[in-house]
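Visitor: Sequence first, then the predicted structure:
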Amino acid sequence: MRRIGIAEGISFLVLLLIAMPLKYYFDLPIAVKVVGWAHGVLFIAYVVIVLLSIRLMKWNLIGLGVALAASLIPLGTFFLDKGWKKREQEFSEN
């Protein structure tokens with residue numbers, strides 16, 4: 001889950017900070033097409049993995065909402081990953 005979240009966050013930043021400027025400032029729309037497609041696949045994978053992790057992570061509706069909203073905010077998955085890393089370490093200790 002953490003890896004998909006990080007990959008989704010990176011693809012979102014690449015789309016916003018690299019592909020979009022290439023499209024609008026340098027007239028290279030292929031950048032958005034390629035990166036946008038990759039980001040779309042990663043976004044769907046992230047949403048699916050979050051939904052599949054509800055029981056394992058013991059999320060309530062607020063926790064689920066935060067996990068899903070993080071994918072809509074630039075850098076959101078990176079901030080959320082910090083908490084997930086802590087929970088992962090707690091699970092591995094038990």
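Guide: Nice, thanks for sending it over. No experiment lies behind these values; they were computed from the predicted model shown.
Visitor: rest of the way, CA atoms for contacts and neighbours
Guide: OK.
Visitor: Residues touching the longest helix along the chain, excluding its own?
Guide: Under DSSP state H, the helix in the chain containing the largest number of residues is helix 29-52. Contacts with helix 29-52, where a contact means Cα atoms under 8 Å, 6 or more residues apart in numbering, come from 1, 4-5, 7-8, 11-12, 14-15, 19-20, 22-23, 64, 67-68, 71.
Visitor: Kindly write the ChimeraX command that selects the buried subset of those residues.
Guide: The buried subset of the contacts of helix 29-52, as determined by 16 or more other Cα atoms under 10 Å, is captured in ChimeraX by this line:
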select :1,4,5,7,8,11,12,14,15,19,20,22,64,67,68,71
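Visitor: Which members of the contacts of helix 29-52 occur in helices, if any?
Guide: With helices taken from DSSP H, the overlap with the contacts of helix 29-52 comprises 4-5, 7-8, 11-12, 14, 20, 22-23, 64, 67-68.
Visitor: What ranges in the protein fall below the confidence cut-off?
Guide: In the predicted model of the chain, residues 91, 94 satisfy pLDDT under 70.
Visitor: mind redoing it with 90?
Guide: Applying pLDDT under 90 to the chain flags residues 1-2, 53-60, 63, 74, 80-94.
Visitor: roughly how far apart are residue 80 and residue 51?
Guide: As defined by Cα to Cα, to the nearest Å, residue 80 lies at a distance of 15 Å from residue 51.
Visitor: between the two, which one's more packed in?
Guide: When neighbours are counted by other Cα atoms under 10 Å, residue 80 comes out ahead of the other of residue 80 and residue 51, with 17 against 13.
Visitor: Now do the contacts for that one.
Guide: Per Cα under 8 Å, 6+ apart, neighbours of residue 80: 67, 70.
Visitor: Point me to the helix or strand that includes it.
Guide: helix 76-93 (DSSP states H and E).
Visitor: need the contact list for residue 1.
Guide: With Cα under 8 Å, 6+ apart, residue 1 has these contacts: 46, 49-50.
Visitor: who wins for most neighbours among the residues you listed?
Guide: Using other Cα under 10 Å as the neighbour test, the contacts of residue 1 are led by residue 46, with 25 neighbours.
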